[in-house]
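Engineer: Sequence first, then the predicted structure, then my questions.
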Amino acid sequence: MSDKRFQGYRGPGRAVLERFDVGVWHDVVLTTGDGSFAGLILPRSETSDDRHIVIKMETGYNVGILADTITNITEHGRREINYEIPEKAFPFDKHKPNVTLFGTGGTIASRLDYRTGAVIPAFSPGELYGSVPELADICNLTTEKLYGVFSENMGPEQWITLANRIGEEIEKGVDGIVIGHGTDTMHHTAAILSFMVQDSPVPIVMVGSQRSSDRPSSDAAFNLIHAVKAAAEGNIAEVIVCMFGPTSDEYGLLHRGARVRKMHSSYRSAFRTLGDIPLAMIDSKSISPLRQDFKPRRKDRNVTINTAFEERVTILYYYPNMQPDIVDAMVEKGYRGIVIAGTGLGHVNKPIYAALQRATDAGVHVYMTVQTLWGYVQMYVYETGREIMGLGVTPAANMLPEVAYMKLCWALGQTTDREEVKKIMLTPVGDEITDREPYDGYLIFQGAIPEVEEFLRTIKR
Ligand code: ASP
């Protein structure tokens, strides 16, 4: 049998496929000592192990079954898999707004054919139109693939290019920008773009998907349609993140770039606004603002791009029993800035005080944030806080640790003057620092969770 039939299968995995005369894209029932599994045999990548057969079950989930445990395989059919997405010319309508979609990679860029379920990299306007035709009802779309990386690989080089390309597109007259991005570090990129791109006259909307489009529960098309709508028609001219709202697929939420965070590794409703309430709800018909204090769309083309960035900055996530040598090591290695994610209101243990003093004496800029994520650093409440401030550590209000990290990179890229850095750090550019948290923000407006309602109904009161 040809290699095509065994794509990626080697060793025991391939042997078992040969024994039962089956191959990839065959519909099969696999029998093992633990029961039977029905599904479609998927190809394996060259780097995967050689001991498992991977099938896609009807639920859309992929499972790997140890070749050694398989006692029988019966074939029930074969499928022709077409890796191509039909390239249809994206229609141009002069009455529709013009949106530029920048691709950086992530799940959303690699698997967009939500109807056929095939795993395909799709990116040109024609491919996007072929897989999500609804986009053409909203705007004229131009796409540009800047990168094709999973988001842990995004870094200063990519952020700076992105900021510059955004500036150029705005000056050219585009009505909105969408950035397709892996979800894992989308909030990091959203934060740095909130600092690097200021006073945009048009929406800059980041979007990703938690589940790939070969899964029936994929959020790729849902999120993309909403993001394109927010960019084309929305009135919020800020860096925003557009992702799934509640756990049901009723609406999406628009979050402010410097107040949003990925809070779940696999839920589709993974993104939450922290310390505040989201900007708006969005569905295919409307965008409903949840607050009015956003920067509205403008007609001019003025935007400020400032891509300053100092790379020698780090986050120190405090844990009890942290040893001082870890702080000393950062100073020795030439780090210019440290953002501490402290406990409670912003604390660390006494043994590292002296090391923090050595750091600030050496000219390192040290800022305190809270690992509770909600709430403010308050260093006047306990003696600990006052002592830590005495070491030259500056409280960073209610900036999220990753946001403070990005802001410190940006501030130190502009100046090393202590007071100047402090001024930049503590003067809000957007909502990275707010005067107070809304009393109900922690509890509501994060997208209704039907499961919670259901749970509460079952409790006898
Ligand atoms: N690991 C992926 C990324 O962040 C996950 C995703 O795209 O959702 O690039």
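Structural biologist: Cool, got the structure. Every value quoted in this text rests on a predicted model; they were computed, and no experiment measured them.
Engineer: Spell out which residues of this protein are next to the ligand.
Structural biologist: G106, T107, F150, S151, G182, T183, D184, G208, Q210 (CB under 6 Å from any ligand atom). (Each C-beta comes from the backbone N, C-alpha and C, glycine too.)
Engineer: Could you rerun that using 5 Å?
Structural biologist: G106, T107, F150, S151, G182, T183, D184 (CB under 5 Å from any ligand atom).
Engineer: of those, closest to the ligand?
Structural biologist: G182 (1.9 Å; CB to the nearest ligand atom).
Engineer: re the thing from before, can you redo the residues of the chain next to the ligand as TSV with secondary structure?
Structural biologist: Output for these, formatted as TSV (DSSP: H, G, I helix; E, B strand; the rest coil):
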residue	secondary structure
G106	coil
T107	helix
F150	coil
S151	helix
G182	coil
T183	coil
D184	coil
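Engineer: want to throw those into TSV with pLDDT and distance to T161?
Structural biologist: Shown next, in TSV, are these (pLDDT from 0 to 100; distance: CB to CB, whole Å):
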residue	pLDDT	distance to T161
G106	81	16
T107	79	21
F150	86	17
S151	92	15
G182	92	16
T183	94	20
D184	95	19
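Engineer: Give me the below-cutoff pLDDT ranges for the stretch 201-350 of the chain.
Structural biologist: 212-216 (pLDDT under 70).
Engineer: which stretches of it form strands?
Structural biologist: 204-207, 239-244, 252-256, 260-262, 271-273, 280-282, 287-289, 304-305, 313-317, 337-342 (DSSP state E, counting those that start in this stretch).
Engineer: Kindly reformat these as TSV and extend each row with mean neighbour count.
Structural biologist: Listed next are these as TSV, based on neighbours: other CB atoms under 10 Å:
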stretch	mean neighbour count
strand 204-207	28
strand 239-244	28
strand 252-256	28
strand 260-262	24
strand 271-273	24
strand 280-282	23
strand 287-289	15
strand 304-305	14
strand 313-317	19
strand 337-342	26
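Engineer: Serialize the ones you listed to JSON lines and add fields for distance to T71.
Structural biologist: Listed next are the strands of the stretch 201-350 of the chain as JSON lines, based on distance: least, CB to CB, whole Å:
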{"stretch": "strand 204-207", "distance to T71": "45"}
{"stretch": "strand 239-244", "distance to T71": "41"}
{"stretch": "strand 252-256", "distance to T71": "46"}
{"stretch": "strand 260-262", "distance to T71": "42"}
{"stretch": "strand 271-273", "distance to T71": "44"}
{"stretch": "strand 280-282", "distance to T71": "51"}
{"stretch": "strand 287-289", "distance to T71": "56"}
{"stretch": "strand 304-305", "distance to T71": "63"}
{"stretch": "strand 313-317", "distance to T71": "48"}
{"stretch": "strand 337-342", "distance to T71": "52"}
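Engineer: Tell me which of those strands lies nearest to L40.
Structural biologist: strand 239-244 (26.8 Å; CB to CB).
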